[in-house]
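Novice: What follows is a predicted structure for the sequence shown.
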Amino acid sequence: MKKGGTRLDRQLTRLSKRLSFVLRHHPEKIGIQLDQYGRVNLDTLIKKFNQHYGTPLSKAVIKTIMQQSDKQRYAIEGPTIRALYGHSIPVKPLTPPAMPPEYLYHGTTHAAAELIKTDGLKKMDRDFVHLSANRQMAIQVGRRRDPQPVIFQVAAQQAAKNHLLFYPTKSGIWLVDAMPAAFLTQIQG
């Protein structure tokens, strides 16, 4: 969400964070179950969300959150909604693997960078490793945990030619199971 000072902005940000928490990490918290692709019936989500949190979530509010967000976090597909990426629970990607651009990027902390240099990128508590389509996105992601993040350039096409599968998302994030250190070059930090 765009940073804003109004009460409405703060309320939409809070709702967006709760929605992400439920759709990416803990659907059981409000009593819903996602399908294998991370989808749930939108009406069911709204009903259970409002019962649990006691907040005024509606289709219109969700669409406003989606329109005002600087990132595409959710998709409404017919009668369902899903988070597009960022899951810590197992979900299958909806898109088939595709040839990535020549380079992708990954932003991280200085502490994590030391391990990445030798071990490569691993899923950790997520379903996939997340790679950014451009350096600026990687910096933004890395700043969530480090004000001066380390940025790795990923030789994505070279990795794809070595049989690694890349899954694109609508938000410019590319998903991959893992990324060996041989395809990484530290370019910042």
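Specialist: Yep, that arrived. Numbers count the residues shown, from 1 in each chain.
Novice: where exactly do the helices run in the protein?
Specialist: Applying DSSP state H to the chain gives helices spanning 7-20, 42-53, 59-68, 110-119, 135-142, 156-161.
Novice: so how far is the third one off the chain centroid?
Specialist: Going by C-alpha atoms, centre = their mean, to the nearest Å, the spacing between the C-alpha centre of helix 59-68 and its chain's C-alpha centre is 18 Å.
Novice: do the same with the fifth one
Specialist: Average the C-alpha atoms of helix 135-142, do the same for its chain, and the two points are 13 Å apart (C-alpha atoms, centre = their mean).
Novice: residue ranges with poor pLDDT in this protein?
Specialist: Across the chain, the ranges flagged by pLDDT under 70 are 1-5, 8, 70.
Novice: and residue 64, how many residues sit next to it?
Specialist: When neighbours are counted by other C-beta atoms under 10 Å, residue 64 registers 15. For the C-beta atoms, the positions are set from N, CA and C on the backbone; glycine is no exception.
Novice: Find the nearest non-adjacent residue to it, please.
Specialist: Nearest non-adjacent residue to residue 64, counting by C-beta to C-beta, 6 or more residues apart in numbering: residue 12, 6.5 Å away.
Novice: distance of that neighbour from residue 56?
Specialist: Separation of residue 12 from residue 56 (C-beta to C-beta, to the nearest Å) stands at 11 Å.
Novice: what's the answer for residue 183, then?
Specialist: The value you get for residue 183 to residue 56, if C-beta to C-beta is used, is 46 Å.
Novice: Which one's more surrounded, residue 12 and residue 56?
Specialist: Taking neighbours as other C-beta under 10 Å, residue 12 and residue 56 compare with residue 12 leading, 20 against 11.
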